[in-house]
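Peer 1: Coordinates for the following, if possible.
(2 chains)
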Amino acid sequence: MIGNFKHSLRFSPILGLIIFLTQSFVYAAEDNLVNIYSARKEALILPLLERFQSETGINFQLVTGKADGLLKRIEIEGEATPADVLITSDVGRLHRAKSAGILQQVDNAILEKMVPVHLQDKDNYWFGISQRARVIFYGKDRVDPSELSTYEALTDEKWRGRFCIRSSSNVYNQSLVASMIEHLGLEETEKWANGLVANFARSPGGGDTDQIRAVAAGQCDVAVANSYYYGRLINSDKPKDLAVAGKVGIFWPNQEGRGAHVNVSGAGITKHAKHPEAAQALLEFLVKAESQSWYAEVNNEYPVTPNSQISETLQSFGDFTADTLDLTVLGENNKAALQLMDRAGWR
Amino acid sequence: MNTAAITNSKKPQKLRAFSPWTVMNVFFTFTILMPIITICAYLFQPPSENWGHLVDTVLPDYIQNSLWLMIGVAFGVTSMGTITAWLTSMYQFPGRRLLIWALLLPLAMPAYIIAYTYTGMLDASGPVQEGIRDAFGLKYGEYWFPEIRSIGGAIAMLSLVLYPYVYLLARAAFINQSVCVLEASRTLGCGAWGSFLQVGLPLARPAIVAGLSLALMETLADFGTVQYFGVSTFTTGIFRTWFGMYDAVAASQLAALLMLFVFVLVLMERWSRRRARFHHTTNQFRRLPEAQLSPGKAWLATLACFLPLLFGFLIPVSQLILWAFATYQEMLDDRFIELAINSFMLAGAAAILVLIPALSIGYRNRTNPSIAMTFCTRLASMGYAIPSTVIAIGVLIPFGAMDNLMNDWMSDHFGIQTGLLLTGTVFILLFAYTVRFLAVSLQTVEAGLGKIKPSMDDSARSMGLSRGQVMQRVHLPIMKGSLLTAIVIVFVDVLKELPATLMLRPFNFNTLAVRAYELASDERLADSSTAALAIVAVGIIPVVLLSSAISRSRAGS
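Peer 2: Model prediction:
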């Protein structure tokens, strides 16, 4: 048994290596191709790419990963990078990619027309492809929606020990705070963060869904999380998820004022892209009406293009006003936001 | 005890200093050191203005949490690992034969996955607390329940999956110990506990420490578990600084500090057992007595060995199976087999590859110890204590530069774009694994080499065997268990490895770990369970094989 095992181990890696190495060399030759580094998870991008391939006949190659890692990789790979398109699931990283000088300007009439001005880079280095709203959730049996109003009001003393949110290491929190810095100024935002931390029901941990579940379980009464996680619970086929969704309500904050905070997932073309035309074709495809309603259908995200079809689940969330702050600002304020949260003791 | 000095007379040593073998060793060591040096080089850059902010706000927290985590895990893995190893080596009790290999199973469980499963069960919204609330008509907060997302929770999770390192190495040491020493201790008046504490344990110290240091290095490098639990450690701090504040310099300096800390720790341990040698001086190997315990004590022993298995494997796997039951049909797509093959190939290739430098370095340090070389090897094995993402970047920087040089040169001279020959292929992954897992392989190989008394070489040589023959006919049989252990641990480690794989893999290339991570990080725990179970399943095979090989490796049985 051991003998066989050793025997097979001796040869499989060599064989494996040959297969691996040849496999990765093939791409260099092809022209009708677009290479994608994506921080959107495979399950949330691959089906669209397959549709792109069958519609346009352009082949694609995909690596997924964490945005920071992919960004670093493109940076280090330099001129030789095979990546044509970088897709991220938040605007902070898109801005960072732009500042790191790894993206190029794209002048494309379709993108310009389809994507609203505040959801694209002012110098056309990146374009939003789907919107994600960060909203308030509340326990229906304990909180009346009339008690809620804005992100700012969450620091009210009545929420002492009743509020849940995830760690400040999470980029959606960093972006939210970055937007507050822009609207309220650094000093006010720091006061706000201190007040929020004072209201924490527990020290931050877990993901967004965990915050919503904590509300359902009674660990906290209000929480902040991205809306699509709630949509997923509503559409789940597990009775337990449905029970959670039934106990929790969604509230759109700051509707009287600037609107609810939104982030985008977006894409840009790399500076040293070897297939810029195919890359533009992909970006155009991603903002097409069909693709736009796909995000809503599959992941309960909001389209970036106005007047796109949205799913029933999203319709059930009701209409809302979104903050139209220029998203570039979120990237610029990210570091200040993080340091502010460090000082406030928001772990 | 001083035989080593006699075998290495001056003359051959000088000759060997220029042998191809030495050249190879220097090559290995320095290639592997390259990414580590790349990171340490940041230490010499002026500190950025963010240091003030770090020291004022979060750094004390990082240090404190990391230290507590280390202390807790050290206690957890040492107690679980040595007690189970001693009991299974020395006593007969019900279920022992099964437990001997089953105790290794948690090794196949990635730490972040066990964290997800326990959180799913024990969280405020999980079935356990829900059950308590329903049964007693209570609301959350009206009863006491430990918070799983805490430093205590992180210690428990990491201890449960890391104790097998200690168990594995300690058990190998226990079953290879001489019965005479133990019997001598009993005749000198030691009780059962006495001979464990005063003889068995001290003799196995190098092995236990080797296992412990692997567990602690992995603890320090862990990102997934602590991040999920919201415990800020040194490692999460490195990432916050790097990617949240965009400060590569301060982040690398943090990483380098972490590395230095571990390095000092390792050196201190080595120094504390300076001249002590742990060879057995007698060859009286007999079957270990495996004493029969009284029924009560026997069942206690069974319980003691069953608990780590229960909490480290059976419970989390049951949870995974429950989740997978509802989702596997959707998750077992046609790509799944490809994922499993990729994972298996990658892990197999890495396990063998890492063994080469480990053997080469281990041998050299045994026959030809020099302070400079030992120092470099220790430094090279620091990779295990560094978060994989940092290693990935440390590997990418030099190889990316080489790729670009090559690409420029080729396009200037021949008009050919070579692209990324090194960093765009599986090569870079295998190299990163070597840097990261050398410590595992080296520790195990050295533990094996430690069993070979220098006098054995001398006797074999005096009987006319060549060096090669000595290796083949004396060393290999003694080392077999250790070599297999090295292969299997690296195999399982690579199988579970995520950050470097995620960052460095080529196009259209996924593994089971990547699949499990993508779904879990998208907060689809139930969907990720199928891939997680597959990791465990692929990991179990070599673990079981290893266990039987070790049991048979005892000399004289």
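Peer 1: ok, now which ones touch residue 122?
Peer 2: With no chain named, the answer covers chain A. A:326, A:328 (Cβ atoms under 8 Å, 6 or more residues apart in numbering or on different chains). The C-beta positions use only the backbone N, C-alpha and C, and glycine is treated the same way.
Peer 1: Switch to chain B, please.
Peer 2: With Cβ under 8 Å, 6+ apart, residue B:122 has these contacts: B:128-129, B:145-146, B:148.
Peer 1: So among those, which ones count as buried?
Peer 2: Of all those considered here, the ones buried according to neighbour count by 16 or more other Cβ atoms under 10 Å in any protein chain shown are B:129, B:148.
Peer 1: which of the contacts of residue B:122 lies closest to chain A?
Peer 2: Nearest to chain A among the contacts of residue B:122, counting by Cβ to the nearest Cβ, is residue B:129 at 7.1 Å.
Peer 1: From what I see, the closest one and residue B:144 are in contact.
Peer 2: No: here residue B:129 lies out of contact with residue B:144, judged by Cβ atoms under 8 Å, at a distance of 10.9 Å.
Peer 1: Does the residue in the stretch 151-300 of chain A that chain B sits nearest to belong to a helix, a strand or coil?
Peer 2: Of all residues in the stretch 151-300 of chain A, residue A:205 sits closest to chain B, at 3.1 Å by Cβ to the nearest Cβ. Three states are possible here, and by DSSP: H, G, I helix; E, B strand; the rest coil the one that applies to residue A:205 is coil.
Peer 1: burial of the spatially closest residue to it that is not a sequence neighbour, as a residue count?
Peer 2: Leaving out its chain neighbours, the residue that sits closest to residue A:205 by Cβ to Cβ, 6 or more residues apart in numbering or on different chains is residue B:230, at 3.1 Å. Summarising burial for residue B:230: neighbours were counted as other Cβ atoms under 10 Å in any protein chain shown, giving 22.
Peer 1: Would you map the helices across the stretch 101-250 of chain A?
Peer 2: With helices called from DSSP state H, counting those that start in this stretch, the stretch 101-250 of chain A shows them at A:109-114, A:171-184, A:186-199, A:208-217, A:227-235, A:239-247.
Peer 1: tell me the most buried of those?
Peer 2: helix A:208-217 (a mean of 26; mean count of other Cβ atoms under 10 Å in any protein chain shown).
Peer 1: Give me the contact status of that one with chain B.
Peer 2: Yes: on the criterion Cβ under 8 Å from any Cβ of the partner chain, helix A:208-217 is in touch with chain B at A:208-210, A:213-214, A:216-217.
Peer 1: ok, residues contacting that helix?
Peer 2: Contacts made with helix A:208-217 from outside it, assessed by Cβ under 8 Å, 6+ apart, are listed as A:137-139, A:164-166, A:172, A:201-202, A:206, A:220-226, A:229-230, A:232-233, A:243-244, A:247-248, B:119, B:123-125, B:129-130, B:140, B:523.
Peer 1: Report the rounded mean pLDDT for that helix.
Peer 2: pLDDT averaged over helix A:208-217 equals 94, rounded to a whole number.
Peer 1: for stretch B:135-143, same thing?
Peer 2: The pLDDT scores in stretch B:135-143 average 89.
Peer 1: Sort out which of the contacts of residue B:122 are in helices and list them.
Peer 2: Of the positions in those, B:128-129 sit in helices, assigned by DSSP state H.
Peer 1: Filter the contacts of residue B:122 to keep only those in contact with chain A.
Peer 2: Of the residues in the contacts of residue B:122, proximity to chain A by Cβ under 8 Å from any Cβ holds for residue B:129.
Peer 1: JSON lines please, covering the contacts of residue B:122 and showing distance to residue B:237.
Peer 2: Conversion of the contacts of residue B:122 to JSON lines gives the following (distance: Cβ to Cβ, whole Å):
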{"residue": "B:128", "distance to residue B:237": "32"}
{"residue": "B:129", "distance to residue B:237": "31"}
{"residue": "B:145", "distance to residue B:237": "29"}
{"residue": "B:146", "distance to residue B:237": "25"}
{"residue": "B:148", "distance to residue B:237": "22"}
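Peer 1: Quick one: residues contacting the spatially closest residue to residue B:167 that is not a sequence neighbour.
Peer 2: Counting by Cβ to Cβ, 6+ apart, residue B:167 lies nearest to residue B:81, which is 4.2 Å off, once chain neighbours are set aside. Contacts for residue B:81 (Cβ under 8 Å, 6+ apart) come out as B:163-167, B:170, B:208, B:211-212.
Peer 1: Could you give the secondary structure assignment for residue A:319?
Peer 2: Each residue gets one of three states, and residue A:319 gets coil by three-state DSSP.
Peer 1: ok, how many other residues are close to it?
Peer 2: A count of neighbours around residue A:319, defined by other Cβ under 10 Å, yields 7.
Peer 1: Just list the residues touching the closest residue to residue A:114 other than its chain neighbours, thanks.
Peer 2: Nearest residue to residue A:114, sequence neighbours excluded (Cβ to Cβ, 6+ apart): residue A:287, at 4.4 Å. Each residue near residue A:287 by Cβ under 8 Å, 6+ apart is listed here: A:110-111, A:114-115, A:127, A:129, A:304-305.
Peer 1: If we look just around chain B, which residues of the stretch 101-250 of chain A are in range?
Peer 2: In this structure, the stretch 101-250 of chain A approaches chain B at residues A:166-167, A:169, A:174, A:202-210, A:213-214, A:216-219, A:229, A:232, A:238, A:244, judged by Cβ under 8 Å from any Cβ.
Peer 1: any weak-confidence spans in chain B?
Peer 2: Counting by pLDDT under 70, the low-confidence segments of chain B come to B:1-18, B:178-180, B:273-289, B:550-557.
Peer 1: Just want the most central residue of it.
Peer 2: Ranked by distance to the mean C-alpha position of chain B (Cα atoms, centre = their mean), the top residue is residue B:214 at 4.7 Å.
Peer 1: My guess is that one contacts residue B:443. True?
Peer 2: Yes: the criterion here is Cβ under 8 Å, and residue B:214 meets it with residue B:443 at 6.2 Å.
Peer 1: Dig out what residue A:130 forms beta bridges with.
Peer 2: Residue A:130 has the following beta-bridge partners by DSSP bridges: residue A:265, residue A:303.
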